[in-house]
Structure formats: structure tokens, C-alpha cells
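K.L.:
how would this look folded up:
(chains A and B, ligands or ions: 2)
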There are 2 protein chains.
Amino acid sequence: MHFHHHGYVTGDPRRQAPRGNGVDRPAELPDEMDVLIVGTGPAGMITAAQLSQYPEVHTRIIERRLGRLEVGQADGIQARSVETFQAFGFADEIANEAYHITEMAFWKPDKENPDHIARASRPLDDEHGISEFPHLIVNQARVLDYFAEYMERSPSRMTPDFGIEFLGLEVTEDPDYPVQVRVRHVAGEGDGQERTVRVKYVLGADGARSGVRRSIGRTLEGDTAKHAWGVMDTLAVTDFPDIRLKCAIQSRSGGNILLIPREGGHLFRMYVDLGEVADDDAGRVRQTTLDDVIAKANAIIHPYTLDVKHVAWHSVYEVGHRVTDKFDDVPDDLTGQRSPRVFIAGDACHTHSAKAGQGMNVSMQDGFNLGWKLGQVLTGLSPEALLDTYSGERQEVAQNLIDFDKEWSTLMAKKPEELDDPSVLEDFYVKTFEFPAGFMTEYKPSIITGNTRHQDVASGYTVGKRFKSALVSRVCDGNPLHLGHLATADGRWRIYAFADAHAAGEESQLVRWAQWWKTSPESSLVRFTSAEGDDDALFDTKVIYQQRHPQIEINSVPEVFKPKVGPFRLTYLNNVFGLHPEQNIFAERGISEDGAVVVVRPDQYVAHVLPLTATEELAEFFAGLFIEPSR
Amino acid sequence: MHFHHHGYVTGDPRRQAPRGNGVDRPAELPDEMDVLIVGTGPAGMITAAQLSQYPEVHTRIIERRLGRLEVGQADGIQARSVETFQAFGFADEIANEAYHITEMAFWKPDKENPDHIARASRPLDDEHGISEFPHLIVNQARVLDYFAEYMERSPSRMTPDFGIEFLGLEVTEDPDYPVQVRVRHVAGEGDGQERTVRVKYVLGADGARSGVRRSIGRTLEGDTAKHAWGVMDTLAVTDFPDIRLKCAIQSRSGGNILLIPREGGHLFRMYVDLGEVADDDAGRVRQTTLDDVIAKANAIIHPYTLDVKHVAWHSVYEVGHRVTDKFDDVPDDLTGQRSPRVFIAGDACHTHSAKAGQGMNVSMQDGFNLGWKLGQVLTGLSPEALLDTYSGERQEVAQNLIDFDKEWSTLMAKKPEELDDPSVLEDFYVKTFEFPAGFMTEYKPSIITGNTRHQDVASGYTVGKRFKSALVSRVCDGNPLHLGHLATADGRWRIYAFADAHAAGEESQLVRWAQWWKTSPESSLVRFTSAEGDDDALFDTKVIYQQRHPQIEINSVPEVFKPKVGPFRLTYLNNVFGLHPEQNIFAERGISEDGAVVVVRPDQYVAHVLPLTATEELAEFFAGLFIEPSR
Ligand SMILES: Cc1cc2nc3c(=O)[nH]c(=O)nc-3n(C[C@H](O)[C@H](O)[C@H](O)COP(=O)(O)OP(=O)(O)OC[C@H]3O[C@@H](n4cnc5c(N)ncnc54)[C@H](O)[C@@H]3O)c2cc1C
Ligand SMILES: Cc1cc2nc3c(=O)[nH]c(=O)nc-3n(C[C@H](O)[C@H](O)[C@H](O)COP(=O)(O)OP(=O)(O)OC[C@H]3O[C@@H](n4cnc5c(N)ncnc54)[C@H](O)[C@@H]3O)c2cc1C
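P.N.:
Numbers count the residues shown, from 1 in each chain, chains lettered A, B, ... in the order given. Ligands and ions are numbered 1, 2, ... in the order given. Got it, this is the predicted structure:
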């Protein structure tokens, strides 16, 4: 990230200068806008936050609640989500206020005395060191707060439009604003007033009972049966020794608790299993009182006791495993013929067992996937076809997750004697660990995910999976850094040029590639970057050498890695790297000695892996994806 | 830090509930107050921030400027300062926006072609791994912003009173508010209005021309000669390859530049040496124009060039090495007989060469030293005698620093041919490294710094030096943590009980110590902790065992390490630690196998080191320092 390159700007550098729609952003919801997002949950907020980096696009996010979420809902934050927060600049801040999961404990009936529970095991949460980011617990409200802060500091100066309810929509033939959306003001001066606004694209991020989903005729399919949990955020005095550990507790009676310690050192959440909801339940399970839940919890943790002092939030949370077959408004048989105008994301298109803690996390990845695509299409960088990839990519992820979730919850709900092998639960947890941490997503080949013909030149960067960071040293200042953490959510594509074995200044394949990328009329950089903006406005091109940084003279590094930026056309030197003293990124990520080009999407997924010589394939990959600016 | 222990509080947990003077804090400067701080520089702001944690104390901080500092002044932040920011909760945030120094470069006349400069060496900045905190560069204004944010979120809801100028003061015999301070409102409704306010204590943090210092009859003594530097914060296009490294550049002509890269990727600061200011200079050096400075810089970096595009701030900074003999208003011969009422801190009592980058850092340590002392005295916890230690401790630090500074600047200002050995400069830099990083301070024995009789039971925690953190694992949640980073700027004393070799649950010296600390009428915890508040309100008592954390059953740990807190008297489990898997704190810090008690002051300095058996000495240490609450 550059700042102060227009001159020193006093104050918080995270507060960017307003531009485009951010300059005189109307306080009230206008009659026409580019993107209307319905719902300020995690899915809606991340999409809005991403779009706030495209101030030329007028994006609004409406919410029927009168203000921010205050308490409740989800609280588990996977490492992949923290990685995502890093791109939005608040990973450290939220980690500092969150509970960190490093281990979890499994409690089962004591073999000697099965009326008592006993600790069976205490495995590490991230045994495989899958991520440098932590696994956190913090209330969903705080996640939303950080996204709100990000949007507000963005060039768009975006804030949610609270107190506005989505009623329905219609997709018309209007060439400019084809979607007509009916909304109602539920507060303030215009209370009760209904309006129709005209919009280019709508995102329904309006939760499990999504009205947007209904309006495009899609339904959540899957289990008819739901599972119910008594959830409580609790302050208590207890002698249960693992009260500050994430625990799965099973008692002999078949009772189950998932215990989640929370931020601040005292609060914890308990999910007390209330079982499958019978078909003829007719809402009876929802009548379960807090006292019932507390009594049940006490019975399960026997011989320990729980003296509840205060309950900050509680709910009976009923949920089934369900998913929609498509995440946009284009019928299967018309896909590719007309572009989607309405999208759905998050709980609006998939719901999950509370216990696997997936809902909030996967919903944010939906939004992160969609945001930049809308941004690129609406700013004229890319053709509308880009938007077809959203449903294609995310529906499959959701389906896989549902399958996983089902298996997990079924296991969790079983009585010990029903399990063939009592350790099956724990084994499952450890075996499938990559999945719940959010790192199993692997997108299939499409216009934004290349083929794997050249995968071997960077075997550690699987095409279609997210770019896993590794350590490097920056040449210009000797700073040891995580390469991946430099990729912020600015909507840019990353081109990582891993050099061949030659040093900077020597004739090499890297130099030839750099020359091509900078000057060839075939180069995507040359074709698609507008002459007016920064050299790196579209493609953030970085080079990583096979030498340690003191061996690399910055003046010998090809120009294309030192872009000219800002009104003074200053030279940006921060894109040139050598090996980190303790971790060789080439070895760590299986990069060929002859170098490689790794292309990474704005949402951090590896789009392509190519040898330095495959310039034609690189040009071809971007050819259909970008539109040449008019000159 | 605990939060949510009164129930879940929605919103940012760094925003504490208002208490005491924070509940209805008057917006205008009142006629009477406990503490009046003059000046919102680093010294004043950290003191105010620390006092904001004592909401029972009414503290105000006045500033004659109309608003926050916007640009300019210092920018170098030592690791010790970042460690301090950690205690105030903003180390990560400020580090994320700052430039990080990992190396520096020395440039000298090229041996072959002395008209050209050439890179002589590029040593690591922290070769000795002296701190886990980074060495940062960021504008002083941002440091002040973070302290302002901290104060505003504190229970005191403190904000600076801008637009009020200190005019003079008088210390009277008034038993309640002995200091009468004359101020003038320089803006707003009361513009020009002069008032007298009555105050218990005054801190003059009003910079090098301090009016407070003058009003207590003290003067800055030292060099009569000043040294002048042309300073500019610059955006430029240049072929100088180390423009993103901290550099000391010497040219053959004897010209000198200190180059400081700045935050954001482009900005840098240059200090161009303008030499000693002659006695008969009469302000002439201050007429040096920006063009002169730029021309001089270009001459020095020949054969490289600097095409300056924009200068964000520039100044001719003249400074001498000076220090005041005492930092309060009590004459030497009356020290101990009457208590100080007026203090001075920061540039008001010591000034330093710009080039060693000490001013802001040492000024903050002054304030950190004084803040908690005023807090303890004004809340009735400690006798006024505590206040005598401020000048005693900080004056010596300043004097040492001046001595160091002088040597450093003299060296820097020398022409290469004047140096006996051309590498002397570099050697000096490396040899004295601990000093400029801020970690050489070692307070002498006093009522708050014990003797070193038992130093050998924890040889790595030198009595009088700051508590150097090390890694441990927390028992209740398995989190690997930096022990020292848990000590926030909350004004509490830390008691680290390092266990003997026995495991938790076994009879041991630790158990006997814990029993004594919790129940003995001699125990300072028992004597001085008020019955109404939290068990750990005064003494934050932590235990570190010699076993790995899974071997430690929290239910077997003595009660005193699990204090009851908050309105529900919840049990706080976060104070119990085992060894970190990769770093044995006992080995790392030379702690005896028989255990040790390490007492640490609220400003993070080690106050005492004692064996677990030396309960009497522990009781005695605190006996004079705290006052028993009335019951
Ligand atoms: C009451 C509740 C309790 C939950 N408890 C848990 C839990 O204990 N554990 C867990 O893992 N997950 C829980 N979840 C699920 C988890 O919070 C979701 O998976 C996650 O929030 C999904 O994010 P989302 O953005 O898709 O939808 P949501 O977070 O549900 O956000 C949807 C938003 O849209 C708004 N909205 C809905 N309809 C309209 C409309 N017509 N017009 C305007 N705005 C509208 C809603 O007010 C809401 O703010 C809970 C969800 C709910 C609703
Ligand atoms: C113009 C300038 C340039 C500097 N440049 C550098 C540099 O390039 N490098 C470097 O290392 N250090 C520099 N310094 C020094 C560095 O900033 C100081 O060492 C550091 O700020 C000391 O902090 P302090 O809190 O003691 O005093 P200061 O930061 O000086 O703060 C004193 C405050 O008191 C206020 N004040 C003064 N008199 C009154 C009054 N009568 N009533 C009310 N308020 C009053 C002032 O407005 C000011 O805000 C510079 C200082 C100044 C003033």
C-alpha cells in the first residue's frame, strides 16, 4: 500500500481521500444506483467493503434493522477469514480483542465412573500449521464493525442505509438500470413509505429467510429436518477446569455440549444439543427456556457444576443443512446467454449446522468472491461474462461444505455407544482439519482460473486454491515480510515473477519476461493499463529473486518492477524481493529454478501458474478477461 | 485485560465504561483540578494517557495550539517506545502504518574516486535481538493521535483542552490546591481571557522553551553552542539506491546527511548538516532556504541526484545538548522535607541532537515514569514521598543521554580525515546500540527500587531495568504468549511468582508463598487491597511453573493466582502459566530452580527480585510504599 505519495496527509493513513461517489455521497438512498446490497450481515458487509474501493461505482447497502448488530449470532473465525481481514487491514486489531483457539478438549464419560465426564484428549487446533493466521472467537458484531469502519474510511465513504427493508424486485429490459427494487422505510421521517429504486445489480445477503432469493424463485433444498441447539453467552462460576478451552463434551446420557470460550477472559458460549426437530414439532422446541438449557448443561457436565451469574444472549438456534442450486437469477439453460442481475450470498443460499461454525466464514468468502467481479465489470475493465463465474464457483463450495457439515453434525449428535469406535469423532476432527479452517476451496478452470498444464513450475501454488503466503526479504529496505500479506483488498491482480537463478543485472529469462511485460503490444499490462493512471493500477507486479536481498542492487532490477505512481510519477521500490534468511520461498513452495509466473486474483486465489517463457499463454489468459481502454 | 465480566458490552472493548470524573467531565477547563499538564507533546500526552486510567483523579491537559499537531517534529520510535505503546494497546496499529528499520547503510567517499560516495556497509539495526519490538519511523503527530484516542476511550473520557496558554504559576500554602496557575484562552468565546486556576500538581511538558520551567526558576544547562540541521520531509525521484534505508552519508567535502525513510513507501526525511551555530550567528543559520538545503543534499550524494518533487515539511532545527539539574520545584536542600508540586518533563528539561533521534522517546519515558506515581498518590494509595523519585530517576537518565548524544553527534559531524579510524563511526553505532534503543536505563535503589541482594535468583531481571518479556504458555487456554505483553498501562504492580520445581498440586515453597500472600496479615496484598474491589486491583499476581502447560491442572493451582473479579466475583484464570514449547523462560532469564518472586512497577521496571522464602523482605518493600485503606 502506498500513501503520502501525493504529499504528506496528516491523520490516519487508513482514511483514504474521498473520490468518485465518495465526494458528495448522498446521505439518503438515491433513486438509482449501480449496486444494491440487501442485508448488513457478514456476506453483505464484505461485499460492500470490497466495492468501497471502487468509488466510481455507486454502491448502497440497506438493512431493515435500525442500527448495527449488537450481540449474538456467530462467533467462530477461521484462519482463512483472518487472512481475509488482513487484506482489509484489521486482522491484528480484531485478533487483539478476540479469544485465540490453540487447543481444544474432548470430554467423554469417564470409563471408571461413566456418570462423570472426564477429559479424553486435548489436541492442538492447528496441528498442521496450516496458516500463519490464528483461529479466533469474537462476536459477529465486531466483524461487522470493522468492515463498517473500513467502508467509511474508503474513497467511497460508504455507510449502511439502516431502517430500509427489501420488499421485492423485478428484472426488466431497461438497458441502464434493469432491476426495479421495492423497499420500505421502516424508521425516520419516511417511516412506512414504500419506494421503487432502479439498480444495475442486486445482491441478496439477507439471511436464511432471504426475500431476494424468493423474488428470483430459488429455494433452499436439503434436509427437511432441522437440528436445534440451546445457545447461551454466559458468565458463570464453575469448577469445570476447561472452561477457557473450546470443548466438545459428551455425557453418558447422550447429552452434548459445544463450549466456546469468548473474548475478554470470562464470557463463554455453550451450545446445548436439543436434538433433531420432529416434523410435528410446530415450534415447540423453540419454547425451551433458558432455565431448561442451564439445567441440561449442569446435568451434562456432572460432576462439575455451573453457577450461572449472567446470560448476555441466548437463543434456540434451529438450522438444517440446505443449499440453493444456483446463486444468481439466470436459469441454467440461459447461463452464458444473458448475464446475471441478481445474486444471493451467505445464509440466503446455504445454511449450516451451528456447531461446525461455518456460516459467517463461508458467507464472507461468497462476498469476497463477488465484490471485485462487480467492481471490474462496473468500471468497464471486464466483460459481464465475469459475473457468471460467481455462482459457478461458490455453489460448489457450499455444496461441499454442506456434505462435510452433515457428516460432522451427525457424528457430534451420536451417543457414544452408537459410534463404532469411540475415537471416531476426534479422528474426523483432525483428519478434515483443513476443511473447517477454510483452506480446502479449489476453483475449477474457468475464464478466471487457468489450466494446470504448468503446475509443476510452482507446485506449492495449486491453481484454483488460495495463494499461501511465505516469507521474503524486501530489497529496498531489508524488511522481512510475508509476501502474501502485501496483497490488500484493493481489487488489483497480482503477478508474482519468480526469477530464474541469474542475479539481478545479468541477462536472464526474467529480464526477457520483464521486457516483454513492460513493452510488448501483446502484454496484458501494456494492453489494459490506462495511460493516465499509475503503472500498477491493474497489475501489481512483484519480483522474487533466488538471492538474498543484499546481493540484489535495486538499480539493476528491470523497470517494470519499479512502477511510476502518483501525481509526481514517483518510483515505487517496494516490489522487489530476495530470499528470507530463514525460509526459502522457492523450496517452500516448490518453485522451479528456472523461475515461474504466478497470477493471483484480487480475492487471493491462484489464477494461473506459468513458466517465464510462456508469455503467449499469459497474454491469452487475460485476453478474454479484460477490455482495452479507449485511448 | 478483562472485559465483558459485567456482561457483554457491545462495541469496541477498548472503549471502557466512564467512571469518576469521566462520567460528567466538564468540556471547559474548570477552576480547580487535581493535575494540570501543560503541553500536548509526547511527554504531556503519555502522562495524561496514564492518568486517564485513574478516573477518580481530575486531570486536564492544556495546549496553546488550537488543535492537534499536524506535521513535522520527531519521527524515530525506539523499540522501548513501541514496548510502551504495547502497554497502551496501540503497538500493532502504529507498527502497521510505520516504516520499519531493519538495516541501515553507511555511505562514505569512494576510495577510488573520492568525489563520489559509495556504500561502505549495511549493518543490521538490531543485531543483538535486543527486543521483540521493531524500530519504527512515523510522524510524531500519529503517536500523539494514538495517545489521544486512548485517553478518549478511557474511563476518564479525557480530551486535550486546546487553545489555552500557560502564563505563569505560584506555589502557595493552600492545603487543597496549592498551585495557582495563570492561563489565557487563545481562541473561542473567551479569546484573550486570562484566568487563574487552582491545582494540586502541575506538569510542565511545554517543550524546550518551557514557561513552567522558567516559573520554577530552573534553566537548561550545557553546551552554549547549538548545532543546526536543515530538515525536509520530501518526495523525490532519485537514483540513489538506498533511498528506502536509513543512511548516514558523508561526502568528501565534509557534508553530512542523515536519511530517514518514512511511512507510506515514498516519503523520506533528510537531515542536512548545517554545522555548529556560531556565537555571533544572530539567527542567520535559520535563514537557510529550502533551495540551499536541496542544493547541499545534491552535492553530498554526488554522483547520484535528487529531483525533489514536493516538500511536505521543512525546518531549520537548531539544538544544543542541555539538561536541567532537577525536574521538580523542590530545591535540593529541601528534598524529602517538602513534596514537589510542579514537575517538568521532556524537552522542558533536556534537549538532544536531532540526529540521535532521542527527544520524543526519552520524553515519553519521563511521562510514563511520572504518571502512575501521581495516580497512586492522588488516589490515596501511596504517600507523597513517592513523587520525589521522579526527578531522582529521570534526571540521571537525561544526563547519561546527553553524554551519549554529544559523543554521537561529534562523531557524526567530523570529516572523514578527522577520524583516527574511518570505521569508528560505525563501531560506535554498533557498540552502543542498546542505548539508543532505549533499554539502558537502570534505576538506582530507592523506595520503589529494591536492593540487589537476591539478584541471583533471577539474574536476567536486573533490578532497576525494564522487565524484558519472554514466552510462556497459558494454562487455561494453551495460548503461547509474551508474558510481558500482558502488563498493560493500568497502573497496577505485577508480582511474578516463578515456581520451584514441584508440580501444581504438590506441597511446595510456591504453595507456602501463595498461602502467605493470600492470607497473612503481613502480606501486602492483604494489607493494602481494598475489600470492595477486585482481588487483583492493586497487585496483578501471576504464577509461572517449570512444567509444560498440559501438566498443570488449573484446579490444583493456589487460589491467589485465580482472583475473584467484577460484580459477579468471577474467577479469573488467565494468570497461570507453564513453559513455552520453544523457549524456557527459567533458562532464558536465569531464574533459580527454587523459584523467585519478581516485582515489577506499573511502568514496567523491575522493582525487586526475591526468593520465594523472603516474604518478610517483600512485605517490607511495600510497607513504606502503600497506605492501608481505612476499613
Ligand atoms: C438469530 C441468529 C442466531 C445465529 N446463531 C448462530 C450461532 O449461534 N452460531 C453460528 O455459527 N451461526 C449462527 N447464526 C448464523 C450466522 O450468523 C450466519 O451464518 C451468518 O450471519 C450469515 O451471514 P449472512 O450475511 O449471510 O446473513 P445474516 O448475518 O443473517 O445477515 C442478514 C441481514 O439481512 C437483514 N435482512 C433480512 N431480510 C431483510 C430485508 N427484507 N430487508 C433488509 N434487510 C434484511 C437482516 O436483518 C440481517 O442483518 C445465527 C444467525 C441468526 C440470524
Ligand atoms: C519545530 C520542532 C522541530 C523538531 N524537529 C525534530 C526533528 O527533526 N527530529 C527530532 O528528533 N526531534 C525534533 N524535535 C524535537 C522533538 O519533537 C521533541 O524532542 C519532542 O517533541 C519532545 O516532546 P515534549 O513533549 O517534551 O515537547 P514538545 O513536543 O515540544 O511539546 C510541547 C508542547 O507544549 C506546547 N506549549 C508550549 N508552551 C506552551 C504554553 N505556554 N502553553 C500551552 N502550551 C504550550 C507546545 O505547543 C507543544 O505542543 C523538534 C521539535 C520542534 C518543536
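K.L.:
Now do A:Arg252: how many residues are near it, please.
P.N.:
18 (other Cβ atoms under 10 Å in any protein chain shown). For glycine as for every other residue, the C-beta is placed from the backbone atoms N, C-alpha and C.
K.L.:
That one and A:Thr305: what is the separation?
P.N.:
From A:Arg252 across to A:Thr305, the span is 17 Å (Cβ to Cβ, to the nearest Å).
K.L.:
how about the spatially closest residue to A:Asp174 that is not a sequence neighbour, secondary structure?
P.N.:
The shortest distance from A:Asp174 to any non-neighbouring residue, by Cβ to Cβ, 6 or more residues apart in numbering or on different chains, is to A:Arg198 (7.1 Å). When classified by DSSP: H, G, I helix; E, B strand; the rest coil, A:Arg198 comes out as strand.
K.L.:
need the helices for chain A, in chain order.
P.N.:
A:42-51, A:79-87, A:91-97, A:140-153, A:211-215, A:290-300, A:359-378, A:388-413, A:424-431, A:509-519, A:524-528, A:585-588, A:615-623 (DSSP state H).
K.L.:
now for the second one, which elements pack on it?
P.N.:
Think helix A:79-87. helix A:91-97, strand A:135-137, helix A:359-378 (3 or more Cβ pairs under 8 Å, 6 or more residues apart in numbering or on different chains; DSSP states H and E).
K.L.:
hey, what's the residue nearest to A:Asp174 bridged with?
P.N.:
A:Glu32, A:Gln180 (DSSP bridges).
K.L.:
Run a quick neighbour tally on it.
P.N.:
Neighbours of A:Arg198 (other Cβ under 10 Å): 17.
K.L.:
Pull the contacting residues for it.
P.N.:
Shown in contact with A:Arg198 (Cβ atoms under 8 Å, 6 or more residues apart in numbering or on different chains): A:Asp31, A:Glu32, A:Met33, A:Asp174, A:Asp176, A:Tyr177, A:Val179, A:Gln180, A:Val181.
K.L.:
In ChimeraX, how would I select the buried members of the residues you listed?
P.N.:
Filtering those down to the buried ones (16 or more other Cβ atoms under 10 Å in any protein chain shown) takes a single ChimeraX command:
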select /A:33,177,179,180,181
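K.L.:
between the contacts of A:Arg198, which is closest to A:Gly41?
P.N.:
A:Val181 (18.2 Å; Cβ to Cβ).
K.L.:
And the residue nearest to that closest one when sequence neighbours are not counted, how far from A:Gly44?
P.N.:
Take A:Val181 and drop its neighbours on the chain: the residue closest to it by Cβ to Cβ, 6+ apart is A:Leu169, 4.6 Å away. Distance from A:Leu169 to A:Gly44, counting by Cβ to Cβ: 15 Å.
K.L.:
Any idea how many residues pack against A:Ala531?
P.N.:
For A:Ala531, using other Cβ under 10 Å, the count is 7.
K.L.:
Quick check: phi and psi at it.
P.N.:
phi -70, psi -20 (degrees, to the nearest 10).
K.L.:
distance of it from ligand 2?
P.N.:
39 Å (Cβ to the nearest ligand atom, to the nearest Å).
K.L.:
For ligand 1, what is the nearest residue in the stretch 501-631 of chain A?
P.N.:
Per Cβ to the nearest ligand atom, A:Asp603 is where the stretch 501-631 of chain A lies closest to ligand 1, at 16.8 Å.
K.L.:
Please name the residues that touch that residue.
P.N.:
Contacts of A:Asp603 (Cβ under 8 Å, 6+ apart): A:Phe368, A:Asn369, A:Gly371, A:Trp372.
K.L.:
buried subset of those residues?
P.N.:
Applying 16+ other Cβ under 10 Å to those flags A:Phe368, A:Asn369, A:Gly371, A:Trp372 as buried.
K.L.:
Now for A:Asp161: which residues touch it?
P.N.:
A:Glu28, A:Leu29, A:Arg60, A:Ile61, A:Ile62, A:Glu63.
K.L.:
and the first one, what does it touch?
P.N.:
With contact taken as Cβ under 8 Å, 6+ apart, A:Glu28 is in contact with A:Asp161.
K.L.:
so how far is A:Gly22 from it?
P.N.:
16 Å.
K.L.:
What of the second one?
P.N.:
Distance from A:Leu29 to A:Gly22, counting by Cβ to Cβ: 16 Å.
K.L.:
Show me where chain A dips below the pLDDT cut-off.
P.N.:
A:1, A:355, A:409, A:412-413, A:415-417, A:422, A:429-431, A:433, A:631 (pLDDT under 70).
K.L.:
Distance from the chain centre to stretch A:535-549, please.
P.N.:
Here stretch A:535-549 is found 25 Å from its chain centre; the criterion is Cα atoms, centre = their mean, to the nearest Å.
K.L.:
for stretch A:341-348, same thing?
P.N.:
Distance, centroid of stretch A:341-348 to centroid of chain: 15 Å (Cα atoms, centre = their mean).
K.L.:
do the same with stretch A:301-314
P.N.:
So, by Cα atoms, centre = their mean, the centroid of stretch A:301-314 is 33 Å from its chain's centroid.
K.L.:
How about it and chain B, touching?
P.N.:
Yes: using Cβ under 8 Å from any Cβ of the partner chain, stretch A:301-314 comes into contact with chain B via A:Lys309, A:His310, A:Ala312, A:Trp313.
K.L.:
Now flag whichever of those residues is closest to A:His116.
P.N.:
Nearest to A:His116 among those, with distances taken as Cβ to Cβ, is A:Lys309, at 24.3 Å.
K.L.:
Quick one: residues contacting that closest one.
P.N.:
Contacts of A:Lys309 by Cβ under 8 Å, 6+ apart are A:Leu235, A:Ala236, A:Val237, B:Phe568, B:Leu570.
K.L.:
Per the annotation, how does chain A divide into domains?
P.N.:
A:32-73+A:139-221+A:340-405, A:99-133+A:224-320, A:455-624 (the TED database).
K.L.:
which of these sits most buried?
P.N.:
domain A:32-73+A:139-221+A:340-405 (a mean of 21; mean count of other Cβ atoms under 10 Å in any protein chain shown).
K.L.:
I'd guessed A:Arg184 sits against A:Asp191; true?
P.N.:
No: contact between A:Arg184 and A:Asp191 fails when scored by Cβ atoms under 8 Å: they sit 9.1 Å apart.
K.L.:
With adjacent residues omitted, what lies nearest to A:Ile37?
P.N.:
A:Ile61 (4.1 Å).
K.L.:
Hmm, that neighbour is touching A:Thr40, no?
P.N.:
Yes: in this structure, A:Ile61 is within contact of A:Thr40 by Cβ under 8 Å, at 6.0 Å.
K.L.:
Mutual contacts of the two, please.
P.N.:
With Cβ under 8 Å, 6+ apart, A:Ile61 and A:Thr40 have common neighbours A:Ala48, A:Pro160.
K.L.:
A:Val199 contacts A:Tyr177, doesn't it?
P.N.:
Yes: with contact defined as Cβ under 8 Å, A:Val199 and A:Tyr177 form a contacting pair (5.8 Å).
K.L.:
Double-check A:Gly44 against A:Ala205; I have them as touching.
P.N.:
Yes: assessed by Cβ under 8 Å, A:Gly44 is found in contact with A:Ala205 at 3.3 Å.
K.L.:
any residues in contact with both of these two?
P.N.:
With Cβ under 8 Å, 6+ apart as the test, A:Gly44 and A:Ala205 both reach A:Ile37, A:Val38, A:Ala345, A:Gly346, A:Gly367.
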